[in-house]
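predicted structure and sequence below. I'll ask about it afterward.
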Amino acid sequence: PHQWRGVIEEYRELLDLPPGVPAITLREGGTPLVPSSWLSGLSGGDVWLKVEGDNPTGSFKDRGMTTAISCALAEGAKAVVCASTGNTSASMAAYAARAGLKPLVLVPEGKIAAGKMAQAVMHGAQVIMVRGNFDDCLRIAREMAWHYPVALVNSVNPVRLEGQKTAAFEIVDFLGDAPDYHLLPVGNAGNISAYWLGYRQYKELGRATKLPVMRGFQAEGAAPLVTGEPFPDPETKATAIRIGNPASWKLAEEARDESGGRFESVSDAQILAAQKELASRDGVFVEPASAAGVAGLLQDLSRRETYVGATVVVTVTGHGLKDTATALEGFGPLVDTVIDAEVTAAAEAAGLERI
Ligand code: F0G
């Protein structure tokens, strides 16, 4: 019986890792590419969702964490550190647990979705809250790894991008070629940089005949790549991408320029509306940040950008169950109608006529 072996074993010869490094894996990757009939219908293109919430800890971070933790262990690390808006810390904690490493996470105080926090503590991480934002956390994490015996596993560690680029490989393996457009949310800008690495590598190997146009979407209140200036006080309900000074700024601009792409911002209202539509129309429940690419596609269409006849992949980066509080905010009380335990009362509440 065959099961997907995780991104290191599936793609080892294509990853720039120390030879023979033992894989610490939860069988991440191999995520579904789900056709969106809703977005295909609206755009006249062939729109696919790369559903990264289906990874073991519920976000794309697992792809880069299997490589980062495997390398950290091979290099003799005893403890690992990351700065995070939540998903990186959840993923790091899980892989560190498997590797027997001590996970230490730095998160911005009060801005982490509860699901992500639960994951980090369940996997045994020490969670340190910083009075500051993600950018402050990353600065501290870098300095810690420099002066103290802990290995840094943020995406400034190039081994992270090696793992994350496998998402591009999977897309080309499945579609038979690169898509025409690739849309995705952008925060610290590691993911868009990793996709671009992966697409370029496949093109060079002759496994793809073309490269996609990369379009990255940031939240309006945290859009440094759109304005070209860091945001000292980034703010958005999409806490995963609440980042004012992305670490992979240069690489992301290269991806934009080499692909003929661009960065744009979408408002929190657009993000939350896209999240809701995606859940109720396509059955795909993602966290707010993860809907930024879909919000971007809808915004492009409203501005008469055409995707007619194009193959479009939109990465949805993390699972909706990570942040149920934000999802439920729009709904008022969860239960509107309370009835006596009778079928007639249930039918009446549902507005159904007896047959
Ligand atoms: N979507 C989700 C759900 C994320 O968690 C992140 C980043 C992004 C998109 C943006 O990806 O940073 O590579 O541009 N989350 C990081 C974290 C910062 O700490 O979990 P990026």
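It's in. This one's a predicted model, so the numbers in the text were calculated from it and none came from an experiment.

now for residue 213, how many residues are close by?
18 (other Cβ atoms under 10 Å). The C-beta positions use only the backbone N, C-alpha and C, and glycine is treated the same way.

bridging residues for it?
Under DSSP bridges, the beta-bridge partners of residue 213 are residue 181.

can you pull the contacts of it?
By Cβ atoms under 8 Å, 6 or more residues apart in numbering, the residues touching residue 213 are 180, 181, 182, 259, 260, 261.

filter those residues down to the buried ones, ChimeraX style.
In ChimeraX syntax, the buried subset of the contacts of residue 213 is picked out as below (16 or more other Cβ atoms under 10 Å):
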select :180,181,182,259,261
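
ok, so of the contacts of residue 213, who is nearest residue 198?
residue 182 (10.3 Å; Cβ to Cβ).

now the closest one. Nearest residue, chain neighbours left out?
Spatial nearest neighbour of residue 182, chain neighbours left out: residue 212 (4.2 Å); criterion: Cβ to Cβ, 6 or more residues apart in numbering.

tell me how far the one you found lies from the ligand.
17 Å (Cβ to the nearest ligand atom, to the nearest Å).

burial of that residue, as a residue count?
Neighbours of residue 212 (other Cβ under 10 Å): 26.

wait, it touches residue 200, no?
No - in this structure residue 212 lies outside contact range of residue 200 using Cβ atoms under 8 Å: 10.6 Å.

list the contacts of residue 248.
Per Cβ under 8 Å, 6+ apart, neighbours of residue 248: 155, 156, 161, 188, 189, 190, 192, 193.

now with 7 Å?
Contacts for residue 248 (Cβ atoms under 7 Å, 6 or more residues apart in numbering) come out as 155, 188, 189, 190, 193.

which residues does the most centrally placed residue in the chain contact?
By Cα atoms, centre = their mean, the chain has its centre lying nearest to residue 317, at 2.9 Å. The contact partners of residue 317, taken as Cβ under 7 Å, 6+ apart, are 52, 59, 60, 185, 191, 289, 290.

quick one: the fifth one is in a helix?
Pointing back at residue 191 there. Yes - under DSSP: H, G, I helix; E, B strand; the rest coil, residue 191 sits within a helix.

tally of neighbours for it?
Residues near residue 191, counting by other Cβ under 10 Å: 28.

quick one: it from residue 346, how far?
45 Å (Cβ to Cβ, to the nearest Å).

hang on, the earlier thing: among the contacts of residue 248, which are within reach of the ligand?
188, 189, 190 (Cβ under 6 Å from any ligand atom).
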